[in-house]
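Student: quick one, what's the 3D model for this:
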Amino acid sequence: MPVQVILHENLDNLGKVGDVVKVKDGYARNFLIPNGLAALASKRNIAELAHQTRAAEAKRGKIKAEAEKFAKAVEAAKIVLPRQVGEGDKLFGSVTSMDIESALRTLGIAISKKQIVLPEPIKTLGMHEVPVKVHPEVTVTLRVNVTKADAAT
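Tutor: The predicted model follows:
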């Protein structure tokens, strides 16, 4: 006789965490429940699952809102990176995500170089738009200006 259970883990051929699925009584009683993979779908357990889902959703929304606020600070940042150039205004090297990260840190914006989506290092002078992923759902464009360094420095 089938019984309903709430899955605590993702199971191939059965469902994802939080799904309420019907399985055979013996499968639930002898395997899923003793191994902590599922719980019986009683009214209490379903209500608890709904509460946990709402709490997790609220937390995700709060984190995303904070990320959007942080993204505005990143977008407003003005990054100017002076670099040595040779003949024909060719850079002696390149600007990497590590350079951009350290420039942001000097402005008081703590960000990881892994969040800076730079497909390849910047090798030319001028204004460049660099995407920065501050949250899985929030990406912002940072404007980086690469300029000539003074010959005196």
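
Student: could you chop this structure up by domain?
Tutor: Following automatic domain parsing, one finds the domains of the chain at 2-67, 68-148.

Student: adding mean neighbour count, write these out as TSV.
Tutor: To be clear about C-beta, it is placed using only N, CA and C from the backbone, and glycine gets the same treatment. Supplementary listing: the domains of the chain in TSV, determined by neighbours: other C-beta atoms under 10 Å:
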stretch	mean neighbour count
domain 2-67	14
domain 68-148	15
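
Student: can you redo those domains as JSON lines with mean pLDDT?
Tutor: As requested, the domains of the chain are exported to JSON lines (pLDDT from 0 to 100):
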{"stretch": "domain 2-67", "mean pLDDT": "91"}
{"stretch": "domain 68-148", "mean pLDDT": "90"}
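
Student: quick one, strands of the protein?
Tutor: Listed in chain order, the strands of the chain (DSSP state E) span 2-7, 20-24, 38-40, 79-83, 126-135, 138-148.

Student: dump those strands into TSV; add distance to residue 113 as well.
Tutor: Below are the strands of the chain laid out as TSV (distance: least, C-beta to C-beta, whole Å):
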stretch	distance to residue 113
strand 2-7	38
strand 20-24	43
strand 38-40	41
strand 79-83	14
strand 126-135	10
strand 138-148	13
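
Student: of all those, which one comes closest to residue 97?
Tutor: Closest to residue 97 of the strands of the chain is strand 126-135 (C-beta to C-beta; 8.2 Å).
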